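# Fold the following and give me the result.
(2 chains)
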2 protein chains.
Amino acid sequence: MVDISDIRAAAERLAPVVRRTPLLESPFLNDLAGRRVLVKAECLQHTGSFKFRGAWSAISALDPETRARGVFAFSSGNHAQGVAYAAKLHGIPATILMPADAPKLKLANTAAYGAEVITYDRYSESREEIGARLAAERGLTLVRPYDEPMVIAGQGTVGLELAEQAAEAGVSAADVLVCTGGGGLASGVALALAAEAPGLRVRPAEPEGWNDWQVSLASGERTPAAGGRATLCDAIVTPAPGEITWPILSKLAGPGLAVSDDECLGAMAQAFERLKIVVEPGGAAALAAALHRGAEIEGDAVLVLATGGNVDRDVFLRALQTAAG
Amino acid sequence: MVDISDIRAAAERLAPVVRRTPLLESPFLNDLAGRRVLVKAECLQHTGSFKFRGAWSAISALDPETRARGVFAFSSGNHAQGVAYAAKLHGIPATILMPADAPKLKLANTAAYGAEVITYDRYSESREEIGARLAAERGLTLVRPYDEPMVIAGQGTVGLELAEQAAEAGVSAADVLVCTGGGGLASGVALALAAEAPGLRVRPAEPEGWNDWQVSLASGERTPAAGGRATLCDAIVTPAPGEITWPILSKLAGPGLAVSDDECLGAMAQAFERLKIVVEPGGAAALAAALHRGAEIEGDAVLVLATGGNVDRDVFLRALQTAAG
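Below is the predicted model of the structure:
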């Protein structure tokens, strides 16, 4: 349903606008982790997360007539901003359905990118139902956050860049830790790496309690997370692996890793101090796993995706104030 | 004394190790400034500042025998870290003389890079005298922070990258705001741009009270700053323009710009929120000028160097807590 040719085509459509994000390394983090830690700073992407890639890929792949009618998305925030900004750059309308408790910065930014924002209660309402109804009523095209081939293809362009950057850094065999919600980024990157750098293996990183990928990959069955508990990692809270992403990752991914909110806050503080980048809790899960789950990782290097940086100031303050790191 | 061929030679020596830092842009900052604001994130360079470039350039240019005896530097911190790390990568000893009141992070990092750190009182002692004596006694080569041709050549590689990146962004004529202490970076960048992108003009950005470049460029005479007052911009506090850098910038630079500590703190908060990068107060002076001195800037785009990100947590917390931005 998605293959490497889709990812290469997405890379061509993205080329004029996408930011090639740097692969960063700090001797201090290497010492802390006991191996080289190479961090791709996708928080520096347009709109502060990798989501811009998938949004641009999906919107640019629509036929012009369909695209002109506008797009619709539902998202905890980063996908919303990616779709809103990609739509704005295409000069088309966007409507975004967001949880009412999404970080204030994400709500404000999505509106500031020119999208119409509609909020809902994420614990009592089904965003899929509301989304489908609104899309049908308004004639907009729904851009799904992960179970959407053109979105997966766009996220896969991270993998094309990573394959080149890892080779430049002298790394040909390593685990690639990816902050994972629905699995759009992880599956796109896994497909790209299978074609371009087969020694690199994707491993999902998730919040404890929302570790549906870890559980599913361990059992071999698509399994919901226990869920129920609150987490700061709003960007990667999903109830279960995606329908399209699961078959890809069940074949290509290594075992999942789960980390606590405190470990994510500590990783944010390390990224601040050692890499000079701003990472949100959900975007720091992979770095947290590199720093705190070293015993579950093999090899003398590990690759990490820092996937987003859209964090409210109070949460960032908490990371700097409370983290021992 | 330094020319474009020195900068190109430095770029070749730096190529295997230097990080090509990204040029970032946010529609939110553009709205705030009333023009495009393109920020080169040199805080993402090795050791968290552009200083690594000059240090590597100077050390790599030494003859092997001299280099093997080791190097010596004095610095408020970023040059220290750059020299310490460049020396470590070359496998040679480094001794660093630092002010006792330098940010704790800079002192700790310099030592952690393997250098021997010696502290002094910056308000009562002459670092130049102590430095010259120590260098002579130990037979080490002094790497000056800015009045050193090979250091200026290394910093000038920022200008080579910027010329390319500005062209890619469609900007051929604009002011380039550079956080400036002794003028090593500003003069290197000015030389590179004069050769590669003559429509781009360097303008020093400084802390109020320590605006020796602004005063000197206005009067045409190398003039000391009023000084005396404390500033958070420790990285760019210097008493007067350098001896080598002054003739370069008096010919090539546009008028200087001076900003307050509060404006730098606000710019740090904007860089956090909109660009997802960590910038220290002195490294935010140019962005502060872009945001708060718009009336003194011409054109529909401005280029900004975010020169360093080595900031203690308490200062960063203050930026996020107190800035209106």
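# Report the residue spans of chain A with pLDDT below the cut-off.
Scanning chain A for pLDDT under 70 picks out the ranges A:76, A:323-325.
# shouldn't A:G34 be in contact with A:G294?
Yes - if you go by C-beta atoms under 8 Å, A:G34 and A:G294 touch, sitting 5.7 Å apart. C-beta coordinates here come from the backbone N, C-alpha and C atoms, glycine included.
# So which elements touch the helix or strand hosting A:K88?
In this structure, A:K88 sits in helix A:78-90 according to DSSP states H and E. Here helix A:78-90 is seen to pack against helix A:51-61, strand A:71-74, strand A:94-99, helix A:104-112 when contacts are counted using 3 or more C-beta pairs under 8 Å, 6 or more residues apart in numbering or on different chains; DSSP states H and E.
# export these to CSV and tack on distance to chain B?
Putting the helices and strands packed on helix A:78-90 into CSV (distance: least, C-beta to the nearest C-beta, whole Å) gives the following:
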stretch, distance to chain B
helix A:51-61, 12
strand A:71-74, 19
strand A:94-99, 15
helix A:104-112, 7
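# I'd like the ones you listed as a markdown table, with mean neighbour count appended.
Listed next are the helices and strands packed on helix A:78-90 as a markdown table, based on neighbours: other C-beta atoms under 10 Å in any protein chain shown:
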| stretch | mean neighbour count |
| --- | --- |
| helix A:51-61 | 28 |
| strand A:71-74 | 28 |
| strand A:94-99 | 24 |
| helix A:104-112 | 20 |
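# OK, contacts around the nearest residue to A:V17 once chain neighbours are set aside?
Closest residue in space to A:V17, ignoring its immediate chain neighbours: A:W56 at 6.3 Å, by C-beta to C-beta, 6 or more residues apart in numbering or on different chains. Neighbour list for A:W56: A:R13, A:L14, A:V17, A:V18, A:G82, A:A86, A:L89, A:G154 [criterion: C-beta atoms under 8 Å, 6 or more residues apart in numbering or on different chains].
# A:N310: what's it in contact with?
Here A:N310 is in contact with A:T47, A:G48, A:S49, A:G77, A:N78, A:Q81, A:P103, A:L105, A:K106, A:N109, A:A235, A:E280 (C-beta under 8 Å, 6+ apart).
# scratch that, A:T110 is what I was asking about
By C-beta under 8 Å, 6+ apart, the contact list for A:T110 reads A:G77, A:A80, A:Q81, A:A84, A:I96, A:M98, A:V117.
# Surely the first one and A:K106 touch.
So the one you mean is A:G77. Yes - at 3.1 Å, A:G77 and A:K106 qualify as touching, with contact defined as C-beta under 8 Å.
# Looks like A:V202 contacts A:L193 (just checking).
Yes - when contacts are counted by C-beta under 8 Å, A:V202 is listed as touching A:L193 (6.6 Å).
# Next, count neighbours for A:Y123.
8 (other C-beta atoms under 10 Å in any protein chain shown).
# Ok, A:A186 next?
A:A186 has 36 nearby residues by other C-beta under 10 Å.
# do A:P103 as well
For A:P103, the neighbour count with other C-beta under 10 Å is 23.
# Dihedrals phi and psi, the residue nearest to it when sequence neighbours are not counted?
Counting by C-beta to C-beta, 6+ apart, the nearest residue to A:P103 once its immediate chain neighbours are dropped is A:D312, at 4.8 Å. The phi and psi values for A:D312, taken as degrees, to the nearest 10, are phi -70, psi 150.
# A:D312 against A:K104, yeah?
Yes - taking C-beta under 8 Å as the definition, A:D312 is a contact partner of A:K104 at 5.8 Å.
# A:F28 and B:L105 touch, don't they?
No - A:F28 sits out of contact with B:L105 when judged by C-beta under 8 Å, with a separation of 10.7 Å.
# Need the residues touching each of these two.
Counting by C-beta under 8 Å, 6+ apart, the shared contacts of A:F28 and B:L105 are A:E273.
# related to what we said a few turns ago, who has more neighbours out of A:V202 and A:L193?
Taking neighbours as other C-beta under 10 Å, A:V202 and A:L193 compare with A:V202 leading, 28 against 25.
# List the contacts of the more buried one.
The contact partners of A:V202, by C-beta under 8 Å, 6+ apart, come to A:V176, A:V178, A:A186, A:V189, A:A190, A:L193, A:L249, A:L252, A:A253, A:G254.
# Please give the element, helix or strand, for it.
strand A:200-207.
# Partner strands of that strand, with direction?
strand A:174-179 (parallel), strand A:257-259 (parallel) (DSSP bridges).
# what's downstream of it, the next helix or strand?
Downstream of strand A:200-207, the first helix or strand assigned by DSSP H and E is helix A:212-219.
# From the contact counts, what lies against whichever helix or strand comes after that following helix?
Using DSSP H and E, the helix or strand that follows helix A:212-219 in sequence is helix A:245-252. Judged by 3+ C-beta pairs under 8 Å, 6+ apart, helix A:245-252 is in contact with helix A:184-196, strand A:200-207, helix A:212-219.
# Repeat the analysis, applying 7 Å as the threshold.
helix A:184-196 (3 or more C-beta pairs under 7 Å, 6 or more residues apart in numbering or on different chains; DSSP states H and E).
# Pull out the buried residues from the helix it packs on.
Neighbour-count burial for helix A:184-196, with 16 or more other C-beta atoms under 10 Å in any protein chain shown as criterion, is recorded at A:184-196.
# repeat for stretch A:293-309
A:R293, A:I297, A:A301, A:V302, A:L303, A:V304, A:L305, A:A306, A:T307, A:G308, A:G309.
# Could you measure from the fifth one over to chain B?
Distance of A:L303 to chain B, computed by C-beta to the nearest C-beta, to the nearest Å: 17 Å.
# quick one, what contacts that residue?
Contacts for A:L303 (C-beta atoms under 7 Å, 6 or more residues apart in numbering or on different chains) come out as A:L38, A:L162, A:A166, A:V171, A:A174, A:V176, A:L177, A:L200.
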